[in-house]
Each structure stands twice: as C-alpha cells, then as structure tokens.
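Participant: Give me a model of this one.
(chains A and B)
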Protein chains: 2
Amino acid sequence: MATVEEEEPPLVLVHRPPNFNFPFKHRLQTRFCLLDPLDSDPPESTHSFFSRHSASIRVLLCVDPTPITRDLLSLLPFLQLIVGYSAGVDHIDLDECRRRNITVTNAGKAFSPDVADLAVALLIDVLRRVSAGFRYVRAGLWARNGEFPLGFKLGGKRVGIVGLGSVGSEIAKRLESFGCVISYNSRRKKPSVPFPWYENVYDLAVNSDALVGCCALTEETRHMISKDVMTALGKEGVIINVGRGALIDEKELVRLLVGGELRGAGLDVFENEPDVPQELFSLDNVVLSPHCAVATPECFDALEQLITANLEAFFSNKPLQSVVEF
Amino acid sequence: MATVEEEEPPLVLVHRPPNFNFPFKHRLQTRFCLLDPLDSDPPESTHSFFSRHSASIRVLLCVDPTPITRDLLSLLPFLQLIVGYSAGVDHIDLDECRRRNITVTNAGKAFSPDVADLAVALLIDVLRRVSAGFRYVRAGLWARNGEFPLGFKLGGKRVGIVGLGSVGSEIAKRLESFGCVISYNSRRKKPSVPFPWYENVYDLAVNSDALVGCCALTEETRHMISKDVMTALGKEGVIINVGRGALIDEKELVRLLVGGELRGAGLDVFENEPDVPQELFSLDNVVLSPHCAVATPECFDALEQLITANLEAFFSNKPLQSVVEF
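Facilitator: Reported below is the predicted structural model:
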C-alpha cells in the first residue's frame, strides 16, 4: 500500500460557476488533485489558469452546466475526457469534442428517477389544481366562499412524452400506474417499447392531452414545442417541462397561456433562468419550479458515485459509464 | 313503452346541505321522483318535510356528508336504504341502521383513483418542496438568492398506508412505481396483499418514513394517528391525510409541525373543515388542500352512475353495489 500512497494523485481540472455548491468536492480531493481556478487566492481567470496547466491536463470536470466553448477547449490541447455533472450537455461544444475525439460523460441515469418524480408532481398539480387549492386555503377563501372548483382527473389522460430516454421512461412507468395512456416522440422508434411512437412532435400533440418535455436540448430540439405544436395540443392540453427551457418556444407558451389557449403548464425549466416570465405569476393554472428536478441529496450521492467511478476508470484505463453519444 | 311512461316514478327522499352543488340532480329526476325539503318554496324544515312524507319513504339519498342521526331516522319508520354520496359514512348513525336493518351504500371505489392521485401529489410536494419552490419563484427569490434548497427523494421511502382499502390500494399501486417500500395497517391482515402488515399504527409508524391516512373515520380510528404515533414516525417523518381530518389528533400534529418534530405534512382534510389551523399557513413544509381529493368531473360521473344503478337496483329488487359492511 505504501507505494500507492506515495503516488501523485491524478490531475483533474475543474470548471465551475462561482459560488456553486459542489457538495462532494472534499471527498474527490482525497483521491484526485483538483485544479480549480476559483480556489486560487486571489481567484485566477479561467483563461490564465487553464493556459498555465494546459500541458498536464487530460481530464476536465465540468460542474453545473458551465459553458465549454471551442475557445476554452483550445486552451487544453491534451484533453481526452470531459466529465459532466448534468444530464443535458447542451452547454458543451460537442462538434469540437467530436472533431478532437474528446469523450464526454454526463449524469447518466443518476438523476432520472428524481426528475420523473417532479414531472409527475407537476402534472398532477396542474390537473388537480393543488397549488391553486393551497392558495385558496391560505387566503381564507375556503371558509369564506365554500367549495373549491373542480380539477381534472389524471387517469385516462393521453400523455405524450417528448424524448423517451432515461427520464422519459421513468415518467412513463410512473404515469402508467395512474392509468394514463402513454405515447412518445423520439428520433427513432424504440423497438423494445410498447407505447405508440410518433415521428414528429406535432402528431404526438394532436393525439395527447398533455406533453412532457424531457429530451436533451440540441439544435434539432430547440423550440420543438412550437406555437403550432401547442395549438395542436389544444385548449384542454397541458404542457410539462423538466428538460430544458428552450425545448419550448417560451414566448408563444406564455402568449397561449395568457390567452387561455391551453389548460395549464407545469415548468421546472425556463429559457433564461433564473428569470421566469412574470406574466405566468398571476395564472392559476400554471405551476413554476426553480429548476430543482434533480435537487435531492440522494441524487447528488448517485452523481458523486458516478463521477468518482468515471474518474477512476479513466486513470486506470477501464471503461467509462454514461458516455454521451454524439 | 306507454305503460312504463305512465307509471309513477319511484320516490327518493333527498337529504343535502343548503347550497350544495349536486350536479346530476336533474338527470336523476328523469327517473325518480326526488323529494327535497330545500326545493319547497319557501324551504321547509327537514323535520317537517320528512315527517310529512314518512309513510311513503323507503329510500334516502344522502348528498355530501350531511349528518343522519338517530332522531332523523326515527322520522322514517319504513326506511330500507340510505344511498350515500361519499366514501366515508361517519356522518351516518350506523348503530341505528344496524338495529333497524337499514342498508347503507357509499361511493364505493368511484372516488378511489382520484383520492390516490392527490395523496401521491401531496407526498411528492412535501418531500420535493414543490409548493415551497413555487413560492420561491413567485417571490422573485430564485433570481435574487440563487439555488433553491434541496428536497428529499421519494424513491426508497418507506410509506405506511393507514387503511389499505380501495383508496389505500390505489395509493400503494402508484407509489410502488416510484420505488417506495409499502407497508400497511388495517384491522386484519389482508391475505392477498404482498405488503407487510402491522397490527397497530404505532408499529407501522416506527417502520415508516411517511404515513398516509386513508381509512374510514369510526370511533376506533378517531385520533388513531396520535401524538405517540407521530413521535414514533420521527423528525424525518411525513404525514399525509386524505381520509378524514379526525383520523389525526390535529392539535398535536400542529404542535409537532410548529416545533420541527416532523419533516412535513400534506393535508386534504381537517378536523373542523373548512377551518384550517392558521399556524400551518406559515410553515414551508406543509401543503394544504381544501378537501378536494374527489373533486373532478370524472369522479362525479362515476358517482352518478353508481347512485343511479343502486337506486334502479333497489326498486327492481336487484343486488346493490358498494354496500357498507358494519
């Protein structure tokens, strides 16, 4: 064991936003030498720090969806691996990674159950008016005005999953137990999945009472839930989004909600987070959540295990988990 | 058909609270002669109206949980059937019904899926802090203060169902799909059920992370979720109630929540509805709902079908559905 302890711990460059809570950093530091420009005193600029270490860096740990641009990558000529911290990787220049043959891992399935739980909660909340009912009680209106208006049943609703990956599959599994009728849209039909597949999200919307956005944000999926799609969903349709804000044309979503052209929406993500369109605040049929679909300690434990396993696998030439295909 | 049309429609006495929305009354009136004291002009007292019709009444339709006392029953010497409108029948003097051999039907399973849906929504809301997160967004705190604090994962939680009847079974089915570990308490162990049974709710609480109250309110179940039970559930425990408010010792529940002795609570029912303890309004870990677990149009459609079927069965001497055993 003595020789192992005397070895230098492997170098891992850290890219993170200032003031981001990175709960397991101290545990990673027992196994790896984390180089973090924000730890310098005074903090060093990313550019200068990365340039200074460029010759020795093979691995970059990207905490939170901090942008990784082509310029940033150009500072790291020997980079082989980006270990991601989130499920989506839309903050990483994947074209450049492909060109340079850099491998990218993401949070894989670590977050999927928790994201699915929140998606279901948002859908029930919108249909059954849970948040609106809570406000009714808090405002003392139950005692004053009597019965709260009816909501809508979840069972029997046709739910269209936009992106049947790891999160979408977990959502489908849960909603089936409520008696919902599931169908989905994805690039390709999934042979092992029993649910009807629609080649495009417009047809999915026509045949759904609710759409749940849970796919990755790419140039193809940006604004894929468009005005036309939402109009096809119709006045009794509900929009849920736990993917990325820009999957939906947010301006059109707001316009349709304000105009009463949709039954409601439950949103955990927004186009310009943490900014949320103010028009939504006063709508009784909208539930807003501060991008916290993955925010449980158990989620971060699972992520820590995955990141640790991937860093160890890389430095011992073993296979990586949750490699992003692009 | 002519002879059928000339027959007098069968008489059904109606007992309902003033101003209660009774959405399918007009449809029942096409098949039955509904005698309703509140329809008289001016409205007649229940006592006088019931007395006046006492000789001809065999069936009483009890809309909403309007109390049916021994005194009221004494006005109806020929009563054979009470058709209830709710799942619980704690508003009916069942001892007197038993003595006089009056049959009671309730809402049976018509409400169960919707009640289960709300129970699940309340549990996720409390654990994942959905309502609290919504207030955080609405108050503009996301943009100002950054990340919302973590909630707790639903998967893996040990959920104790207090009363594994129709509603409890629907809740269990749903929560299993989230990866929860189910156990239950009921008077007797149910042989066909795979979940662990606890003979008393105290032991259930000791072995649970959350308790869900969904049994009927009787003298035996009143305050069965007592101070001791909630203390046994512990500081990380969550209380959900979609049954009747008085299943829980509400004063103790409030005291424990205010004192931080429970992780949170999601409550659709209260001891003195529509009064809700004001102390709960300011707690971030409590979700309050105005007894609307059954409040969907689909629920009332199912109830209408059940009530209509039971009235027709009674007047044609056919078997009744959802007869209450007592």
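
Participant: Could you list every helix and strand in contact with the helix ranked longest in chain A?
Facilitator: Ordering each helix of chain A by length in residues (DSSP state H) puts helix A:297-315 first. Packing partners of helix A:297-315 (3 or more C-beta pairs under 8 Å, 6 or more residues apart in numbering or on different chains; DSSP states H and E): helix A:25-28, strand A:59-62, strand A:81-84. Every C-beta, even on glycine, is put in place using the N, C-alpha and C of the backbone.

Participant: now the ones you listed as TSV including mean pLDDT and distance to B:Asp95?
Facilitator: Shown next, in TSV, are those (pLDDT from 0 to 100; distance: least, C-beta to C-beta, whole Å):
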stretch	mean pLDDT	distance to B:Asp95
helix A:25-28	94	63
strand A:59-62	97	69
strand A:81-84	97	66
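
Participant: Tell me which of the ones you listed lies nearest to chain B.
Facilitator: With distances scored as C-beta to the nearest C-beta, the stretch of the helices and strands packed on helix A:297-315 nearest to chain B is helix A:25-28 (15.8 Å).

Participant: Return the set of buried residues in the next helix or strand after that closest one.
Facilitator: As assigned by DSSP states H and E, the chain's next helix or strand after helix A:25-28 is strand A:33-35. By 16 or more other C-beta atoms under 10 Å in any protein chain shown, the buried positions in strand A:33-35 come out as A:Leu34, A:Leu35.

Participant: Repeat that for stretch A:281-289.
Facilitator: Buried-residue list, stretch A:281-289, by 16+ other C-beta under 10 Å: A:Leu283, A:Asn285, A:Val286, A:Val287, A:Leu288, A:Ser289.

Participant: starting at the chain centroid, how far to that stretch?
Facilitator: 20 Å (C-alpha atoms, centre = their mean, to the nearest Å).

Participant: That one: end-to-end distance?
Facilitator: Between the opening and closing residues of stretch A:281-289 there is a gap of 11 Å (C-alpha to C-alpha, to the nearest Å).

Participant: re the thing from before, including pLDDT, could the buried residues of stretch A:281-289 go into TSV?
Facilitator: As requested, the buried residues of stretch A:281-289 are arranged in TSV below (pLDDT from 0 to 100):
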residue	pLDDT
A:Leu283	97
A:Asn285	97
A:Val286	98
A:Val287	98
A:Leu288	98
A:Ser289	98
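
Participant: helix, strand or coil for A:Pro23?
Facilitator: coil (DSSP: H, G, I helix; E, B strand; the rest coil).

Participant: residue contacts, it?
Facilitator: A:Phe300, A:Glu304 (C-beta atoms under 8 Å, 6 or more residues apart in numbering or on different chains).

Participant: pLDDT score assigned to it?
Facilitator: In this model, A:Pro23 is scored at 84, pLDDT.

Participant: Okay, it and A:Leu306: tell me how far apart.
Facilitator: Distance, A:Pro23 to A:Leu306, by C-beta to C-beta, to the nearest Å: 14 Å.

Participant: which stretches of chain A form strands?
Facilitator: Ranges of strands within chain A are A:11-15, A:33-35, A:59-62, A:81-84, A:103-105, A:158-162, A:181-185, A:197-198, A:210-213, A:238-241, A:264-267, A:286-288, based on DSSP state E.

Participant: so for the second one, what's the average pLDDT?
Facilitator: Yep, that's strand A:33-35 we're talking about. Rounded mean pLDDT across strand A:33-35 is 96.

Participant: try the shortest one
Facilitator: pLDDT averaged over strand A:197-198 equals 98, rounded to a whole number.

Participant: OK, contacts around the residue sitting nearest the centre point of chain A?
Facilitator: Geometric centre of chain A, nearest residue: A:Gly243, 4.6 Å, by C-alpha atoms, centre = their mean. Counting by C-beta under 8 Å, 6+ apart, A:Gly243 touches A:Gly88, A:Val162, A:Gly163, A:Val167, A:Gly213, A:Cys214, A:Cys215, A:Ala216, A:Leu217, A:Val269.

Participant: Same check on A:Ile240?
Facilitator: A:Ala119, A:Leu122, A:Leu123, A:Val126, A:Ala210, A:Leu211, A:Val212, A:Gly213, A:Ala265, A:Gly266, A:Leu267.

Participant: Give me every residue in the stretch 151-300 of chain A lying close to chain B.
Facilitator: Counting by C-beta under 8 Å from any C-beta of the partner chain, the residues of the stretch 151-300 of chain A close to chain B are A:151-156, A:173-174, A:176-179, A:273-276, A:281, A:287-290, A:292, A:295-300.

Participant: Filter these down to the ones in helices?
Facilitator: Those of these lying in helices (DSSP H): A:Lys173, A:Arg174, A:Glu176, A:Ser177, A:Pro297, A:Glu298, A:Cys299, A:Phe300.

Participant: Can I have the buried ones of the residues of the stretch 151-300 of chain A next to chain B as a ChimeraX selection?
Facilitator: Only the buried entries of these go into this ChimeraX selection, using 16+ other C-beta under 10 Å:
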select /A:151,152,153,154,155,174,176,177,178,179,274,276,287,288,289,290,292,295,296,298,299,300
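
Participant: Just give the closest residue to A:Phe49, not the sequence neighbours.
Facilitator: A:Pro37 (3.5 Å; C-beta to C-beta, 6 or more residues apart in numbering or on different chains).

Participant: which residues are contacting stretch A:172-191?
Facilitator: A:116-117, A:120, A:123, A:154-165, A:168, A:193, A:195-201, A:203-204, A:207-208, A:215, B:113, B:117, B:120, B:173-174, B:176-178.

Participant: Stretch A:72-80: which residues count as buried?
Facilitator: For stretch A:72-80, using 16+ other C-beta under 10 Å, the buried residues are A:Leu72, A:Leu73, A:Leu75, A:Leu76, A:Leu79.

Participant: Who are the contact partners of the fourth one?
Facilitator: In this case it means A:Leu76. A:Leu13, A:Phe50, A:Ser54, A:Ile57, A:Leu60.

Participant: which of the ones in helices among the residues of the stretch 151-300 of chain A next to chain B lies closest to B:Thr103?
Facilitator: For those, the closest approach to B:Thr103 (C-beta to C-beta) belongs to A:Ser177, at 34.0 Å.

Participant: on that earlier part again, and the two most separated of the contacts of A:Leu76?
Facilitator: Pairwise over those, using C-beta to C-beta, the maximum falls at A:Ser54 and A:Leu60, 11.2 Å.

Participant: Show me which of these two is the more surrounded one.
Facilitator: A:Leu60 (24 against 15; other C-beta atoms under 10 Å in any protein chain shown).

Participant: which residues sit in contact with the more buried one?
Facilitator: A:Val12, A:Leu13, A:Val14, A:His15, A:Ile68, A:Leu76, A:Leu79, A:Leu81, A:Ile82, A:Val83.

Participant: Now the third one. Nearest residue, chain neighbours left out?
Facilitator: Closest residue in space to A:Val14, ignoring its immediate chain neighbours: A:Asp36 at 4.0 Å, by C-beta to C-beta, 6+ apart.
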